[in-house]
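In: my questions concern the predicted model and sequence given below.
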Amino acid sequence: MVRPMSLRAQLLLLQMAIVLVTVIGTGVVASWLQEQQLRNAYRDRMIAVAQSVATLPSIIDALGKPDPASTIQPIAEVVRKASNVTYIVVANDKGIRYSHPNPDLIGEHVSTDPSTALSGHMYVGTQTGTLGTSWRVKVPIFGAKHAVIGVVSVGVLEADLRSEYLGNSVLLFITIGVAAILGVIGAAWVSTVIRKRIYGLEPEEIAGLLEEREALLHGVREGIVAVDEHGRIALINDAAARLLEIDQPADLVGMRPADVLDAELARFLASDDAEQSFILSGERVLLARRDVAKTGDRPVGTIAILRDNTELHALLRDLDGAHGLAEGLRAQAHGFANQLHVISGLLELGHVDEAVAFIARVGNGGTLTSVSSSSGIADLEISALLLVKQTQAKELGIAISIDPASTLSPLAAGPVTDALRNDLLIVIGNLLDNAIEACQHGGHISISIVEQQPHPKHREILVRVTDDGPGIPSALRGKVFAPGYSSKPAPSGLQATGRGIGLALVKRIAERHGGSVEVSDNPDLGATFTVRLVSADFVAADRSALHARRPS
């Protein structure tokens, strides 16, 4: 099996190819431009020399004499040496030479066609003559009446041009070579730097790590929300999207948490609190922990780890109720034992009539019969919750009474009614828990549950809880429904599930049902909480109406 080329080798070869192509291409273009400049310079020089010779009066006059060469040859040679050209040839209108670097060729016919110059036009080009191939210029010599009487040819050998070009190009070629070497060294250095930056990993290893990272982040049950050092969302994994009820988490990347997340979670991400905290997102109770992400010693962002605590919160609330019920049953059993002792004593003393009267007086049962069937609350689960809360409150010396005018028909089984029943249990349980905590020994709590139908297709359930506690000051009534706000210290122990969640959850449930929650003063002392739930018909309602996304 052929081992694939390493990333460093690929980068080095690719950069070397780019550097060499760029440097060589630039060198070729520069060399061509230099050659063109050299030729243009010689062309301009040869044109100037040819025209100056063609206009010399001594040259023009000599062409009309019997021995033109004796005058023209010395002049042409002086000009040729002074102008650094290979040759200057002067010929008459018949093409007979009168000057030439080789005196033996004077008097002979020129070796190249002079017709262009003899026709009155200048010629510039490469031709091969007696001295070899040369870059030459031919211009006409005009006599009287502007008639062409001769031609002047000035040229430079191509070999001399090439030699001068190569001599001038040595520095260019050296520069190109040095640039290529530096480019290769730079490419090798860049490859090394890039390899260090990616910790010496190959592309397939990077792809594997990325796949593992995605699998780990999106496979864990805990929600993860990462915010970069600029305060923008960098990552939301699948668990966090589910907990926060986000449909397209990828769309939130690059946005600020305050713009797209619950305000409480956004504040938690922006805070410096590194301890665990309970926050309310929608109607979920989340246990959040905040950590600072670092690269080496440099902070690069913030990570919030979210865990769904809704079920635990409900279980602990039920555990509190069961604990209260057990305490009530214990108290009731203790009371029954005492009553049995009284009955036994009366019978042993022979007071049968008094024993019968005592049984008639206390025979209506204990705390579990305190919810009378005449209260109008016919749903068994709601009644059971009220029984538990009454028992729990009685142990604390607090009485809970149910308004006799309460009416709540049994909720039929089904997804819609089950969801409504669960919401009612949460609302009633939280309101009673808060009322019990607000009251002191000897306090009294009243609860009223009324089912109404103001519209043929809609029903309303009004839950009103009144206590005789210290009440809620007017200035704080807008805060009691805010997530995390509580005027009571958090309890210690395993059952501590955070404070400031119950009333916020009640408000969100009411709003989801299209209702409201209000707090007002009790005419005597304390506070009254009124919750209104609006629902479509409990049997035929669309489930999506009850499970709509949390209000924005």
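Out: Perfect, thanks for sending it.

In: mind checking what helix or strand follows the biggest helix by length in the chain in sequence?
Out: Within the chain, and with DSSP state H defining each element, the longest helix by residue count is helix 7-54. Moving toward the C-terminus from helix 7-54, the next helix or strand (DSSP states H and E) is helix 57-62.

In: list the contacts of that next one.
Out: The contact list for helix 57-62, computed with C-beta atoms under 8 Å, 6 or more residues apart in numbering, reads 53, 68, 71-72, 75, 90, 98, 141-143, 149-150, 152. C-beta coordinates here come from the backbone N, C-alpha and C atoms, glycine included.

In: let's see it at 6 Å
Out: Helix 57-62 is contacted from outside by 68, 71-72, using C-beta atoms under 6 Å, 6 or more residues apart in numbering.

In: then stretch 19-27?
Out: Applying C-beta under 6 Å, 6+ apart, the external contacts of stretch 19-27 come out as 176, 179-180, 183, 187.

In: hmm, try it at 7 Å
Out: Residues from elsewhere that reach stretch 19-27, judged by C-beta atoms under 7 Å, 6 or more residues apart in numbering: 172, 176, 179-180, 183-184, 187.

In: which two among these are spaced furthest apart?
Out: With distance counted by C-beta to C-beta, no two of those lie farther apart than Leu172 and Ala187, which are 22.3 Å apart.

In: where in this protein is pLDDT low?
Out: Residues of the chain that meet the criterion pLDDT under 70 lie in 1-4, 217-218, 273-275, 282-283, 310-336, 361-375, 454-457, 483-500, 522-524, 535-552.

In: for Ala147, give me phi and psi.
Out: The phi/psi pair for Ala147 (degrees, to the nearest 10) reads phi -90, psi 140.

In: ok, now which ones touch it?
Out: Contacts of Ala147 by C-beta under 7 Å, 6+ apart: none found.

In: helix or strand: which one has Ile305?
Out: Judged by DSSP H and E, Ile305 forms part of strand 298-308.

In: against Leu235, how distant is Pro101?
Out: Computed as C-beta to C-beta, to the nearest Å, the Pro101 to Leu235 distance reads 85 Å.

In: can you map out the strands along this structure?
Out: 87-92, 123-129, 132-142, 148-157, 223-228, 233-236, 277-281, 284-295, 298-308, 399-402, 444-455, 458-467, 516-521, 527-536 (DSSP state E).

In: can you tell me which of those strands is packed in deepest?
Out: Mean neighbours per residue, mean count of other C-beta atoms under 10 Å, is largest over those for strand 87-92, with a mean of 26.

In: which residues touch it?
Out: Residues from elsewhere that reach strand 87-92 (C-beta under 7 Å, 6+ apart): 49, 53, 59, 63, 72, 76, 79-80, 97-101, 110, 114, 131, 149-155.

In: could the strands of the chain go into CSV alongside distance to Arg421?
Out: CSV is the format used below for the strands of the chain (distance: least, C-beta to C-beta, whole Å):
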stretch, distance to Arg421
strand 87-92, 117
strand 123-129, 105
strand 132-142, 106
strand 148-157, 109
strand 223-228, 28
strand 233-236, 33
strand 277-281, 21
strand 284-295, 19
strand 298-308, 21
strand 399-402, 18
strand 444-455, 12
strand 458-467, 11
strand 516-521, 18
strand 527-536, 11
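
In: ok so, going back, when Leu172 and Ala187 are compared, which one has more neighbours?
Out: The neighbour count for Leu172 versus Ala187, taken as other C-beta atoms under 10 Å, is higher for Ala187 (20 against 13).

In: how about Lys94, nearest residue that isn't a chain neighbour?
Out: Setting aside the residues directly before and after it, Lys94 is nearest to His109 in space (C-beta to C-beta, 6 or more residues apart in numbering), at 7.8 Å.

In: hmm, that neighbour is touching Tyr98, no?
Out: No: contact criterion C-beta atoms under 7 Å: His109 and Tyr98 do not qualify, at 11.8 Å.

In: just want to know which of those two has more residues nearby.
Out: Legend: neighbour count by other C-beta under 10 Å for His109 and Tyr98, higher for Tyr98 (22 against 11).

In: wait, what's in contact with that one?
Out: Listed by C-beta under 7 Å, 6+ apart, the contact partners of Tyr98 are 68-69, 72-73, 90-92, 106.

In: could you report the neighbour count for Val85?
Out: Val85: 24 surrounding residues under other C-beta under 10 Å.

In: what sits against it?
Out: Applying C-beta under 7 Å, 6+ apart, one finds that Val85 lies in contact with 46, 49, 154-156.

In: do His444 as well
Out: So His444 contacts 399, 401, 468 (C-beta under 7 Å, 6+ apart).

In: can you do 6 Å?
Out: Applying C-beta under 6 Å, 6+ apart to His444 gives the contacts 399, 468.
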